[in-house]
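Chemist: Below is the structure, and that's it, no one-letter string:
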Ligand SMILES: *Cc1c(COP(=O)(O)O)cnc(C)c1O
């Protein structure tokens with residue numbers, strides 16, 4: 001939480017019911033031409049956004065607790081991002097880094113080498129989306145090890161391309177009907193403290209995962225293990241302490257590339273530059289995207305120089321990967337995170353929001369768990385007194401928040417989790433107002 005120079009008034013204000021008449025007109029145009037396979041959580045059409053507020057085409061001001069899925073951590077249209085992008089777009093928009101390179105790409109890779117976990121020599125390659133970064137991390141791991149198998153965990157989310165669908169755990173909506181999937185993917189249990197046997201330690205959960213991998217495929221066949229250090233779409237699952245270090249050790253001992261998918265957790269979101277930092281794990285490869293560039297499409301694979309250099313020239317790349325405008329956005333976003341101490345801001349959001357959420361949980365027996373790190377927080381809904389997921393209540397609560405002008409997202413394998421991903425620049429006042437709406441809606445929904 002810090003001052004935002006957004007020119008948008010930082011308050012919630014509803015002038016129409018949501019969605020308003022202009023949004024409804026656009027929805028009618030949309031339904032004629034936009035694929036029904038693409039859906040929207042809250043179909044109000046956006047005119048402007050900044051700080052912690054989204055303004056729609058009917059003049060309503062909504063509180064943003066989603067950041068476009070953890071993307072606009074620096075705020076929408078953040079001044080340094082706008083400035084960098086505006087200058088870059090006027091200078092040149094594209095040459096293709098594989099044809100004639102430019103400084104911005106190199107500068108982003110320098111920042112990645114400095115900020116990602118570990119102080120070993122690191123190199124990066126830039127791409128356009130999180131899924132593309134994951135695909136390329138797997139390519140590098142397979143190339144460097146000469147092995148094929150990849151181990152992923154329960155509740156994992158790694159994207160929607162063919163290989164990343166195979167790595168993703170959840171069938172609906174991500175995989176159903178879209179097979180056949182890429183082969184040589186092995187799924188093992190994760191650490192999910194709320195749902196694991198009472199008292200299971202991180203080391204025990206890791207032993208369970210390792211045993212499953214060794215039985216299914218054998219360590220000597222495994223190119224990579226990929227894991228989100230806090231699992232995102234699968235339910236904002238924070239593993240038990242010791243889980244990630246034990247997995248890392250198994251990888252190191254067996255020549256397996258340890259990949260942390262920090263696409264959602266990276267870039268200050270969890271109150272550290274990267275979520276791996278909380279556990280002191282140093283991944284061999286890190287994938288980043290979402291929060292990296294203030295809303296411009298950019299992604300990266302960063303890792304041990306010898307791994308990243310193992311691939312033959314021309315083996316990695318893509319027409320747009322590391323587009324100069326997106327790189328300028330990233331440099332502006334990273335500068336904003338440093339100048340405004342957004343790592344500290346995420347920690348303050350955690351302190352303020354967790355306290356409020358725990359107070360709400362005391363009043364609402366359907367809240368089974370409150371968890372998360374930094375500004376990546378979640379509430380898991382269950383039938384009171386059990387761990388049985390309550391997706392119906394979750395959907396109803398989210399919808400009621402939307403009607404009240406609070407953009408709030410759900411997630412989880414069982415669809416029973418409300419997640420908070422506010423921009424890190426949101427004011428404390430606005431954050432608390434958003435949480436007040438959540439409390440009011442919840443008390444009404446469970447009365
Ligand atoms: C969103 C996400 C991806 C996929 O990123 P896209 O940019 O949507 O392709 C991959 N991994 C994680 C952990 C994510 O949260």
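Modeler: All right, it came through fine. It should be emphasised that the depicted structure is a prediction, and the values quoted were computed from it without experimental measurement.

Chemist: what's the closest non-adjacent residue to residue 63?
Modeler: In this structure, residue 63 finds its nearest non-sequential neighbour in residue 434, 4.3 Å apart by C-beta to C-beta, 6 or more residues apart in numbering. (C-beta placed from N, C-alpha, C; glycine too.)

Chemist: can you confirm the one you found is in a strand?
Modeler: No: Residue 434: not assigned to a strand; according to DSSP: H, G, I helix; E, B strand; the rest coil it is helix.

Chemist: My guess is it contacts residue 66. True?
Modeler: No: the pair residue 434 and residue 66 does not pass the contact test of C-beta atoms under 8 Å, sitting 10.4 Å apart.

Chemist: any shared contact partners between the two?
Modeler: With contacts taken as C-beta atoms under 8 Å, 6 or more residues apart in numbering, the residues that reach both residue 434 and residue 66 are 408, 422.

Chemist: In terms of neighbours, single out the busier of the two.
Modeler: Comparing residue 434 with residue 66 by other C-beta atoms under 10 Å, the one with more neighbours is residue 434, at 27 against 22.

Chemist: so which strand or helix has residue 88?
Modeler: According to DSSP states H and E, residue 88 maps onto helix 79-91.

Chemist: average pLDDT across that helix?
Modeler: Helix 79-91 shows an average pLDDT of 98 in the prediction.

Chemist: and the next helix-or-strand element following that helix, what does it pack onto?
Modeler: Taking DSSP H and E as the definition, the helix or strand that follows helix 79-91 towards the C-terminus is helix 103-115. Helices and strands in packing contact with helix 103-115 are listed as strand 122-127, strand 299-304, helix 324-339; criterion 3 or more C-beta pairs under 8 Å, 6 or more residues apart in numbering; DSSP states H and E.

Chemist: To residue 47, which of the ones you listed lies closest?
Modeler: Evaluated with C-beta to C-beta, these place helix 324-339 nearest to residue 47, the distance being 20.6 Å.

Chemist: buried sites along the helix or strand following the closest one?
Modeler: The C-terminal neighbour of helix 324-339 among helices and strands, as given by DSSP H and E, is helix 342-363. Using 16 or more other C-beta atoms under 10 Å as the burial criterion, the residues of helix 342-363 that qualify are 342-343, 345-350, 353-354, 356-357, 360-361.

Chemist: Over to stretch 95-114?
Modeler: If you call a residue buried by 16+ other C-beta under 10 Å, then stretch 95-114 has these buried ones: 96-97, 102, 104-105, 108-109, 111-113.

Chemist: so which of those also contact the ligand?
Modeler: Among those, no residue sits close to the ligand (C-beta under 6 Å from any ligand atom).

Chemist: ok, so of these, who is nearest residue 265?
Modeler: Within the buried residues of stretch 95-114, the smallest distance to residue 265 is 14.9 Å, found for residue 112 (C-beta to C-beta).

Chemist: any idea how far the closest one is from residue 260?
Modeler: Residue 112 sits 13 Å away from residue 260, taking C-beta to C-beta, to the nearest Å as the criterion.

Chemist: In a markdown table, list the buried residues of helix 342-363 along with distance to residue 160 and pLDDT.
Modeler: What follows is the buried residues of helix 342-363, written out as a markdown table (distance: C-beta to C-beta, whole Å; pLDDT from 0 to 100):
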| residue | distance to residue 160 | pLDDT |
| --- | --- | --- |
| 342 | 28 | 98 |
| 343 | 30 | 98 |
| 345 | 30 | 98 |
| 346 | 27 | 98 |
| 347 | 32 | 98 |
| 348 | 33 | 98 |
| 349 | 29 | 98 |
| 350 | 29 | 98 |
| 353 | 29 | 98 |
| 354 | 31 | 98 |
| 356 | 34 | 98 |
| 357 | 30 | 98 |
| 360 | 33 | 98 |
| 361 | 33 | 98 |
